[in-house]
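*Asks:* What follows is a protein structure lacking sequence information:
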């Protein structure tokens with residue numbers, strides 16, 4: 001049974017969703033910026049895009065490991081404390097990227113952002129489970145998930161201004177202020193109540209928590225599905241801007257407008273996913289959107305015409321946002337007594353998916369080209385939908 005949620009009439013009840021919204025925002029600026037400036041960073045350090053993109057892979061691998069550790073720490077520490085620690089690491093990462101003298105230093109600094117993000121993101125969802133009643137969770141999750149693409153819309157429209165003084169200063173004047181503002185919001189607005197503080201297990205029983213999660217075939221299906229879905233989505237989020245800049249010789253400013261459009265579509269999808277999860281079911285919405293993300297990822301990278309490709313990328317973004325909200329809502333309910341643990345594992349699964357997507361995508365791009373990249377990553381989205389269909393169960397539905 002859920003802990004008694006914080007009442008909306010209580011001050012902390014009114015502030016928690018906005019605070020989680022702004023906390024989640026901080027997980028994305030560095031990733032969005034790096035996607036735009038991979039070519040520029042590569043020129044600085046003398047690396048091609050395919051090689052430079054491996055800082056995304058390395059960050060995802062390190063974050064995946066940190067997600068496992070976070071799933072353990074969530075048994076022993078407050079979820080709010082873990083979220084704040086993650087925001088601090090994101091701030092340190094921005095400073096490190098600005099100062100990085102070479103490729104290894106850049107790789108290390110950017111990896112800190114991945115570690116921080118993988119601590120923040122799952123806690124924003126786990127805290128929803130601890131502080132809100134079940135009928136309000138899907139809408140709240142949809143809004144929280146939509147926070148980062150909302151920021152991406154603004155970023156895409158202003159990317160020329162953000163990078164006008166060079167990619168290094170962009171980390172200081174764009175990424176760092178957002179992370180500091182998010183940190184302040186989290187400290188002030190997230191209640192330090194016992195709701196969602198720890199799992200139902202004692203501090204020394206985290207192995208029992210892992211056993212409970214991994215003995216649940218539906219929970220495993222959600223984790224594997226998230227991994228493959230994120231691998232498919234990375235075909236756009238990690239390489240999409242470089243795809244348009246290289247294949248169609250699109251200038252950065254125009255690519256920024258395209259990115260903003262896709263981010264806006266992701267935002268709509270996230271909000272739709274939160275709104276429709278209760279009505280149509282978390283599982284059906286998750287598997288359908290995962291399938292469509294996979295199919296459209298294959299399509300957008302293999303159509304030789306610019307505008308049809310752009311339209312498909314936008315449609316993909318809608319269903320990617322819908323899948324994210326629906327999947328988070330589905331995963332959150334798998335093991336109610338271990339929300340921090342399973343959402344941390346889910347975050348690690350998504351980071352594994354990002355690493356898999358950027359790694360496989362980089363290899364496919366270097367060896368075969370953009371078309372094979374779309375096929376390889378899109379196929380993973382189709383596989384994810386099959387896993388959701390056959391193995392996932394929505395515990396809130398009989």
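*Replies:* Here it is on my side, so go on. No experiment lies behind these values; they were computed from the predicted model shown.
*Asks:* Quick check: closest non-adjacent residue to residue 243.
*Replies:* Leaving aside its sequence neighbours, residue 243 sits nearest to residue 370 (CB to CB, 6 or more residues apart in numbering; 5.7 Å). Any C-beta I mention is one placed from the backbone N, CA and C, and that applies to glycine too.
*Asks:* Hmm, I typed the wrong one, I wanted residue 356.
*Replies:* residue 231 (4.4 Å).
*Asks:* quick one: that neighbour from residue 322, how far?
*Replies:* 17 Å (CB to CB, to the nearest Å).
*Asks:* Then residue 190?
*Replies:* 27 Å.
*Asks:* likewise residue 127?
*Replies:* Taking CB to CB, one finds residue 127 at 22 Å from residue 322.
*Asks:* likewise residue 64?
*Replies:* Residue 64 sits 24 Å away from residue 322, taking CB to CB as the criterion.
*Asks:* of the two, who's got more company?
*Replies:* Neighbours were counted for residue 64 and for residue 322 using other CB atoms under 10 Å; residue 322 has more, 30 against 23.
*Asks:* host element of the more buried one?
*Replies:* Counting by DSSP states H and E, the element that carries residue 322 is helix 306-332.
*Asks:* For that helix, list every residue counted as buried.
*Replies:* Under the neighbour-count criterion of 16 or more other CB atoms under 10 Å, helix 306-332 has 309-332 buried.
*Asks:* now residue 311: how far from residue 265?
*Replies:* 10 Å.
*Asks:* next SSE after the helix or strand harbouring residue 223?
*Replies:* In the assignment (DSSP H and E), residue 223 maps to helix 217-237. The helix or strand immediately downstream of helix 217-237 is helix 240-247, counting by DSSP H and E.
*Asks:* what packs against the helix or strand just after that following helix?
*Replies:* Toward the C-terminus, helix 240-247 is succeeded by helix 252-280 as the next helix or strand (DSSP H and E). Applying 3 or more CB pairs under 8 Å, 6 or more residues apart in numbering; DSSP states H and E, we find helix 252-280 packed against helix 29-45, helix 134-162, helix 240-247, helix 282-300, helix 306-332.
*Asks:* Skip the chain neighbours and tell me the closest residue to residue 392.
*Replies:* That would be residue 221: by CB to CB, 6+ apart, it lies 4.3 Å from residue 392.
*Asks:* thought that neighbour was touching residue 385?
*Replies:* No: counting by CB atoms under 8 Å, residue 385 is not a contact partner of residue 221; they are 11.2 Å apart.
*Asks:* which residues are common contacts for these two?
*Replies:* Common contacts of residue 221 and residue 385 (CB atoms under 8 Å, 6 or more residues apart in numbering): none found.
*Asks:* separation between the closest residue to residue 239 other than its chain neighbours and residue 113?
*Replies:* Using CB to CB, 6+ apart and skipping the chain neighbours, the partner closest in space to residue 239 is residue 361 (5.5 Å). Distance, residue 361 to residue 113, by CB to CB: 19 Å.
*Asks:* More neighbours: those two, which one.
*Replies:* residue 113 (32 against 27).
*Asks:* Please give me every residue in contact with that one.
*Replies:* For residue 113, the contacting residues are 30-31, 59, 89-90, 93-94, 97, by CB under 8 Å, 6+ apart.
*Asks:* Quick check, pLDDT for residue 10.
*Replies:* At residue 10, the pLDDT value in this model is 42.
*Asks:* So what's the residue count around the closest residue to residue 238 other than its chain neighbours?
*Replies:* Leaving aside its sequence neighbours, residue 238 sits nearest to residue 358 (CB to CB, 6+ apart; 4.8 Å). Neighbourhood size, residue 358 [other CB under 10 Å]: 27.
*Asks:* ok, now the one 10 residues further on?
*Replies:* In terms of burial, residue 368 registers 12 neighbours under the definition other CB under 10 Å.
*Asks:* Could you check how far it is from residue 301?
*Replies:* From residue 368 to residue 301 the distance is 11 Å (CB to CB).
*Asks:* same deal with residue 232?
*Replies:* Between residue 232 and residue 301 the computed distance is 11 Å (CB to CB).
*Asks:* The two: which has the busier surroundings?
*Replies:* Neighbours per residue (other CB under 10 Å) separate residue 232 from residue 301, with residue 232 holding more: 33 against 28.
*Asks:* pretty sure that one contacts residue 297?
*Replies:* Yes: using CB under 8 Å, residue 232 is in contact with residue 297, at 5.1 Å.
*Asks:* which residues of this protein score low on pLDDT?
*Replies:* Regions of the chain meeting the criterion pLDDT under 70 cover residues 1-13, 193-206, 209, 398.
*Asks:* The same query, at a cut-off of 50, please.
*Replies:* Along the chain, the parts satisfying pLDDT under 50 run over 1-4, 7-12, 194-200, 203.
*Asks:* does the residue nearest to residue 294 when sequence neighbours are not counted sit in a helix or strand, and which one?
*Replies:* Distances taken as CB to CB, 6+ apart put residue 381 closest to residue 294, at 2.3 Å, once the chain neighbours are dropped. Per DSSP H and E, residue 381 falls inside helix 370-391.
*Asks:* in that helix, what counts as buried?
*Replies:* Going by neighbour count (16+ other CB under 10 Å), the buried part of helix 370-391 is 370-385, 387-389.
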